[in-house]
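>>> would you be able to build a 3D model of this:
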Amino acid sequence: MKLRMVLSTLLFALAISAANAQSTEQAAPPPAEQAKTDTPAAAGASSARELPPDTKAFQDANRITDPAEKIEALEKFKKDFPDSTSLTNANVNILSTLASKMSSQTARIRDFAKATYQGAKDKKEKGSLAGQIADTLLTNNLLLKDAEKYAKTSLAALNQADFIADQKAQFAKRAAGAAGRGGRGGRGGRGNGQPPSDEELVKRFNQSRALRLSTLGRVEFKLGKTAAAQKLLDESYAANSSQPVVAGALGEIAAKQGDTAKALDYLITARLSGQAPASANEALVSVYGKTHNGSSAGLDGLLDAEYHRRFPNPLRLDAYQPTAKRTERLVLAEVFTGSGCGPCVGADLAFEAAMESYSRKDLAVVMYHVHVPRPDPMTNLDTQARFKYYGVTGVPTYAIDGATVKFNGAGREGTEGVFEHIQPPIEKELVTPAEEKIDVNASASGNSVKVTAAVAGVTSESKDLKIHILLLEKELTYSGENGIRFHPMVVRAMGGKDGDGFGLEPGVAASVEQVWDLDQVSAGLKTQLDDYEAKGHRGSSFKFIEKKDRIDRGNLAVVVFVQDAKNKHTLQAAFVDLNPPAPRIPTSNANEPK
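Have a look, this model is predicted:
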């Protein structure tokens, strides 16, 4: 097996796994093989139309954070809507809540799992449910012998002939429905109304089976049945290498067998995916240390190098050449993103490429990280407030000088497409005159960053103008669940009361000052992350892989801009790089020593 290709295959698949924006209503991925959710799949979907009563009740129940109250609400939902298509999901969510929050109640968990399985209406549903039950028990390291039984049942229930016949029947049903509506069928086919080929259906079957093999293999590994586990996991990975948990398990097995090279390859693959289990990450540190005198020093550098080597930005742009119409405006791009958001990959990479093409005198990009769809350790209260201010309902979302660009996300392969949508508004703003002048003096010394912004020549007569001052880290390293490792221009804090900027009277020159104590900023970030972790993500407990609360003093920048708070239009912006060589000295927005 050519393991060097494993990582590329894995992260590419992670990047293209979803092509639409991730909504704030969108829950984390369901247990293995859960085929549907009842939450909107795209930004704004929840507000576009009124939700059906059962969908609303199901969503409301799942938002409850108290375990007992959540279970009670889900049981009430089942009684109130006995014909809802979400009944199975409700049972799975109850089981998950019991297993994760009430793990000592093993008899109750076992009985509920049995009742849920027996309540399935046919062989197909029983097989899928058995897999979900096994996955839930495995995830919570609970009742593993029961998990083994359910995993075997799930695997045995999957038959290739039945699977292909069912897929063809579903296609025919969709095609007939589309024909009745005057449209074309073929969703899930080849895009031309024709059914998928038998070869494609066999591939789909093998990938579905790989998930069930994975669950059983990981259960066997937990039970100490290493030989059986390896056989199952090898077969699963051969059919579908886009499984970080399988890569992690195979890496752990290789480590136990003393095959350091193989273990490192698998474990690095899992780590860079951002979806490796904690045990795999611990194994990586251990295996690396065995070849480096017991030290983990240099491991991050190895991960960085592997990521850069295997995943260069797919978009390479020529340097921007100003035209005769170029004005003094610095264009501001504000990007809302999440490290666990698959569709954000194309957007993140497109803006990264744009920053290579345009200088910081032409384009300033700021990245607001938010907890959508998964917890993001680069999120803070200021970025969440900004998310709310823009009325954003999903990520990725981006605004150029305050105007939102209407385009959903994309995977890695869609990077160029994203850039093609953001380039025209950027180019338009580059030839639009600035509507004021900003002079920025900024200095960083020790634990302190001081910024003075003087604004004059404002042409707007709006009474809703605000001066915003942002503290950025120019790059943070973190392997999120979407496979992106390097995150540029991350907003760490926003100036003014509650991060809401400084008021500006129309027609009046003004000067404002913002001072950050970096130790306090860092402590605040840690408190926020600790609090979010303690409360759980949308009612579900989790643990950050890594908390990005520390501030790198040599990696800072400041962005200042004036914006109309009412219509969100940005009048002008300024960028200051706070990374001069020691000793630190004040710099201007032209990046020249004062």
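
>>> quick one: low-confidence parts of the stretch 1-150 of the chain?
Along the stretch 1-150 of the chain, the model assigns pLDDT under 70 to residues 1-21, 23-49.

>>> can you give me the strands for it?
22-23 (DSSP state E, counting those that start in this stretch).

>>> again, but for the stretch 401-550 of the chain
Using DSSP E, counting those that start in this stretch, strands in the stretch 401-550 of the chain cover 403-404, 437-445, 448-456, 465-477, 486-494, 502-504, 510-517.

>>> and the most centrally placed residue in the chain, what pLDDT?
The C-alpha lying nearest the average C-alpha coordinate of the chain belongs to G340 (Cα atoms, centre = their mean; 1.6 Å). G340 carries a pLDDT score of 96 in this model.

>>> not counting its neighbours along the chain, what's nearest it?
R374 (2.9 Å; Cβ to Cβ, 6 or more residues apart in numbering). (Glycine included, C-beta is placed from N, CA and C.)

>>> need the strands of the stretch 401-550 of the chain in a markdown table (columns: mean pLDDT and distance to L143).
Converted to a markdown table, the strands of the stretch 401-550 of the chain look like this (pLDDT from 0 to 100; distance: least, Cβ to Cβ, whole Å):
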| stretch | mean pLDDT | distance to L143 |
| --- | --- | --- |
| strand 403-404 | 96 | 48 |
| strand 437-445 | 96 | 54 |
| strand 448-456 | 98 | 52 |
| strand 465-477 | 98 | 38 |
| strand 486-494 | 98 | 39 |
| strand 502-504 | 97 | 57 |
| strand 510-517 | 98 | 50 |
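
>>> go through those and name the closest to H308.
H308 sits nearest to strand 486-494 of all the strands of the stretch 401-550 of the chain, at 8.4 Å, using Cβ to Cβ.

>>> let me have the strands of the stretch 401-550 of the chain in JSON lines, extended by mean neighbour count and distance to Q563.
JSON lines is the format used below for these (neighbours: other Cβ atoms under 10 Å; distance: least, Cβ to Cβ, whole Å):
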{"stretch": "strand 403-404", "mean neighbour count": "16", "distance to Q563": "11"}
{"stretch": "strand 437-445", "mean neighbour count": "19", "distance to Q563": "12"}
{"stretch": "strand 448-456", "mean neighbour count": "19", "distance to Q563": "12"}
{"stretch": "strand 465-477", "mean neighbour count": "22", "distance to Q563": "6"}
{"stretch": "strand 486-494", "mean neighbour count": "22", "distance to Q563": "12"}
{"stretch": "strand 502-504", "mean neighbour count": "20", "distance to Q563": "9"}
{"stretch": "strand 510-517", "mean neighbour count": "16", "distance to Q563": "14"}
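
>>> which stretch of helix or strand covers D577?
strand 570-578 (DSSP states H and E).

>>> the residue nearest to the centre of the chain: what secondary structure?
On the three-state scheme (DSSP: H, G, I helix; E, B strand; the rest coil), G340 is labelled coil.

>>> surely it meets G480?
Yes: counting by Cβ atoms under 8 Å, G340 does reach G480; the two are 5.5 Å apart.

>>> need the overlap of contacts for the two.
By Cβ atoms under 8 Å, 6 or more residues apart in numbering, G340 and G480 have these common neighbours: G274, R374, D376.

>>> now the last one: how far from A227?
Pointing back at D376 there. Distance of D376 to A227, given as Cβ to Cβ, to the nearest Å: 39 Å.

>>> ok, L471 - contacts?
V449, V491, R492, A493, M494, G495, W516, V521, L556, V558.

>>> ugh, wrong one, I meant E220
So E220 contacts E148, T226, A228, A229, L232 (Cβ under 8 Å, 6+ apart).

>>> swap in V285?
S296, L299.

>>> do the same with T291
T260.

>>> tell me which residues of stretch 113-121 are tucked away?
A113, T116, Y117, A120 (16 or more other Cβ atoms under 10 Å).

>>> ok so, going back, tell me, how many residues neighbour the residue nearest to G340?
22 (other Cβ atoms under 10 Å).

>>> for this structure, which helix is longest?
helix 198-222 (DSSP state H).

>>> report the buried residues of the strand or helix carrying A175.
Per DSSP H and E: A175 is located in helix 160-180. By neighbour count on 16+ other Cβ under 10 Å, the buried set for helix 160-180 is F163, I164, Q167, F171, R174, A175.

>>> from the residues you listed, which is closest to Y389?
R174 (41.1 Å).

>>> pLDDT wise, what is the closest one at?
We have a pLDDT of 86 for R174.

>>> how close does M494 get to A399?
For M494, the distance to A399 equals 15 Å [Cβ to Cβ].

>>> one more: T226?
Distance, T226 to A399, by Cβ to Cβ: 52 Å.

>>> P312 too?
From P312 to A399 the distance is 28 Å (Cβ to Cβ).

>>> tell me which of the two has more neighbours.
A399 (18 against 10).

>>> what sits closest to the more buried one if chain neighbours are left out?
E334 (4.7 Å).
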